[in-house]
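In: The sequence and its predicted three-dimensional model are supplied below.
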Amino acid sequence: MSTATVTRSTLLKDLRMEWRSKDAINSMLFFSLLVVVIFSFAFNPTAEESRLIAGGLIWVAFLFAAVVALNQTWARELRNQVLDAYRISPAPANALFLAKVLGNFLFVVVLEVLMAPLFIVFYQLRSVGPVWQLIVIALLGTWALVVNGTFSAALSIRTRSREIMLPLILFPISIPALLAMVDATTSILTGDSSPGFWMKMLLVYDVVFTAVCLLLFESVLNAE
Amino acid sequence: MKPLSLGFVLFTLALLGFSTYQALFVAPTEQTMGDVQRIFYYHVPSAWVAGVCFLVNFVASIAYILKRSSNVDALAAASAEVGVVFCTIVLITGPIWARPVWGIWWTWDARLTTTLVLWLIYVSYLILRRFAAGSQTHLLAAVLGIFGFVDVPIVYMSIRWFRTQHPSPVMGGGENSGLDPAMLHVFLWNLLAFTCVGIILTASRYRLQRLENELEAEHARLALAGGGR
């Protein structure tokens, strides 16, 4: 079985399950909506202030929301011993990992597309810098969160109280990525400085951690 | 305790006493900062020991992935714990020095922030060790150990983009860097003493971890052999 075949079929299976249940996307959407509303009450920013804090706000909301989906990634494979079956099958381990990452990536991107208008309305956002850069940052940043998040979820699934464990592992590792996303977004929204450095940072982070994850996932899958 | 290790402990205690005396009474007082500068003799050696411990943890984690030896895992666990202890000392002594010299306890400067993130990463490593179940612990911890160490240079690069307030490297820095020879002398004694303390702590923690591993294996064996209690 080639990696591409296994990745495609696992991804399609996950997408189909999500399409029928809409568990992950609904809980993520509602969660980030709550974050938007609560932050708005907590800080009560003017339009000018909100441009300065929006970068941080958006990404913290998406990070927290992504954790909701990430926690479900592997949990459903534990039922009926799907992971054990996968382990004894000749399918490459990384194909499973890639499928899960791509699936989560799609979920979070859909979440971002749906939530972006709400952020713009609630915080009266208007970008001073070029908007296409925001899209590049969103894609790079989402990949950084999702690739590490899927891997951390695979680690935490094997621990006690796994739902608490995931953010505890994921957040410290993700600090540089989060910093890059927030600063790049803020610099585009305010138009004060160029986000070039942060975009390169994110790219490096993505490449390094994707490589490390692919290198180590097989050991994690087969951990006994 | 074996005579050799007992000897090493006594030697380290003597060394620690001597280097503390040197740091507090022999080293010249810094011109502008005054006596508070003497914390440098504890702050920097602690950072050094923490750094070495995390490096040992990284190497041991890779070795565990390759070799799957429980002794290597014990070394990784021991070095991470000792590293976190010394990293905590660094994070406490730093602000004590910064308050009178900079006028603030804390600033989000590159090296301070990197140290804090480093501390967070290894605390999450220790929590994972605590929460993981059974024999999987070793592998999961080793994987996270590699992740954490790979992250550190990225953290440093990203935060360096901000303004840096921490003193630039005193040794091997630019033209104006360099310590007074008397200070360097005292510093090196303290560095040696702290390194010895780090070695002793890591070694005894390593021994304890190995005993724990053996005990766990023995329990498992008894449960299998005796049909369990």
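Out: Happy to help now that I have it.

In: Can you pull the residues of chain A lying near chain B?
Out: Contact residues, chain A versus chain B (Cβ under 8 Å from any Cβ of the partner chain): A:151, A:155-156, A:158-161, A:165, A:168-169, A:171-173, A:175-176, A:179-180, A:183, A:197-198, A:201, A:204-205, A:208-209, A:212, A:216, A:219-220, A:223-224. Glycine gets a C-beta too; all of them are placed from N, C-alpha and C.

In: Return the residues of chain B in contact with chain A.
Out: Counting by Cβ under 8 Å from any Cβ, chain B sits next to chain A at B:65, B:117, B:120-121, B:123-124, B:127-128, B:131-133, B:135-136, B:139-140, B:143-144, B:146-148, B:150-151, B:154-155, B:157-159, B:161.

In: Helices of chain B, start to end?
Out: Counting by DSSP state H, chain B has helices at residues B:3-21, B:40-67, B:70-102, B:110-131, B:136-160, B:181-225.

In: mind checking which of these is nearest A:Y86?
Out: helix B:136-160 (16.5 Å; Cβ to Cβ).

In: what about the closest one, average pLDDT?
Out: Predicted confidence along helix B:136-160 averages 85 (mean pLDDT).

In: buried stuff in that helix?
Out: For helix B:136-160, the neighbour count (16 or more other Cβ atoms under 10 Å in any protein chain shown) marks B:137-149, B:151-152, B:154-159 as buried.

In: And stretch B:63-83, by the same measure?
Out: B:63-65, B:70, B:72-83.

In: quick one on the thing from earlier: in JSON lines: the helices of chain B, plus distance to A:N71.
Out: Shown next, in JSON lines, are those (distance: least, Cβ to Cβ, whole Å):
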{"stretch": "helix B:3-21", "distance to A:N71": "46"}
{"stretch": "helix B:40-67", "distance to A:N71": "25"}
{"stretch": "helix B:70-102", "distance to A:N71": "26"}
{"stretch": "helix B:110-131", "distance to A:N71": "15"}
{"stretch": "helix B:136-160", "distance to A:N71": "17"}
{"stretch": "helix B:181-225", "distance to A:N71": "29"}
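
In: sorry, back to before: for the buried residues of stretch B:63-83, which one is nearest chain A?
Out: B:I65 (5.8 Å; Cβ to the nearest Cβ).

In: where's B:V26 relative to chain A, distance?
Out: Distance, B:V26 to chain A, by Cβ to the nearest Cβ, to the nearest Å: 40 Å.

In: Show me which of the residues of chain A next to chain B are buried.
Out: A:151, A:155-156, A:158-159, A:165, A:168-169, A:171-173, A:175-176, A:179-180, A:183, A:197-198, A:201, A:204-205, A:209, A:212, A:216, A:219-220, A:223.

In: taking these one by one, which sit in helices?
Out: Per DSSP H, helices hold the following members of those: A:151, A:155-156, A:165, A:168-169, A:171-173, A:175-176, A:179-180, A:183, A:197-198, A:201, A:204-205, A:209, A:212, A:216, A:219-220.

In: Let me see the contact set for the residue lying closest to A:P130 once chain neighbours are set aside.
Out: Nearest residue to A:P130 in three dimensions, chain neighbours excluded: A:I188, at 7.1 Å (Cβ to Cβ, 6 or more residues apart in numbering or on different chains). Neighbour list for A:I188: A:S127, A:V128, A:G129, A:P130, A:V131, A:Q133, A:L134, A:I137, A:P195 [criterion: Cβ atoms under 8 Å, 6 or more residues apart in numbering or on different chains].

In: Then B:A27?
Out: B:R38, B:Y41, B:A182, B:M183, B:V186.

In: same deal with A:F62?
Out: So A:F62 contacts A:S32, A:V108, A:L111, A:E112, A:M115, A:T142, A:L145 (Cβ under 8 Å, 6+ apart).

In: Wait, the fourth one touches A:A138, no?
Out: I take that to be A:E112. Yes: assessed by Cβ atoms under 8 Å, A:E112 is found in contact with A:A138 at 5.8 Å.

In: mind listing the helices for chain A?
Out: Assigned by DSSP H, the helices in chain A fall at A:3-21, A:23-43, A:47-78, A:82-88, A:93-123, A:131-156, A:162-190, A:196-221.

In: what does the model give the nearest residue to A:L15 once chain neighbours are set aside for pLDDT?
Out: Spatially, and ignoring its direct neighbours in sequence, A:L15 is nearest to A:G103 (6.4 Å; Cβ to Cβ, 6+ apart). At A:G103, the pLDDT value in this model is 92.

In: picking that back up, only the buried subset of the contacts of A:I188, as a PyMOL command please.
Out: Filtering these down to the buried ones (16+ other Cβ under 10 Å) takes a single PyMOL command:
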select buried, chain A and resi 127+129+133+134+137+195
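
In: which among the contacts of A:I188 gets closest to A:A24?
Out: Out of the contacts of A:I188, the member with the shortest distance to A:A24 (by Cβ to Cβ) is A:I137, at 23.0 Å.

In: what sits against the nearest residue to the closest one once chain neighbours are set aside?
Out: Spatial nearest neighbour of A:I137, excluding adjacent residues (Cβ to Cβ, 6+ apart): A:A184 at 4.7 Å. By Cβ under 8 Å, 6+ apart, A:A184 lies in contact with A:G55, A:Q133, A:I137, A:G141, A:P195, A:W198, A:M199, A:L202.

In: Let's see the pLDDT reported for the closest residue in space to B:A141 that isn't next to it in sequence.
Out: Of all residues not flanking B:A141 in the chain, B:R129 sits nearest, at 5.0 Å (Cβ to Cβ, 6+ apart). If you check B:R129, the pLDDT there is 89.

In: centre of the chain versus stretch B:110-130, how much separation?
Out: Stretch B:110-130 sits 11 Å away from the centroid of its parent chain (Cα atoms, centre = their mean, to the nearest Å).
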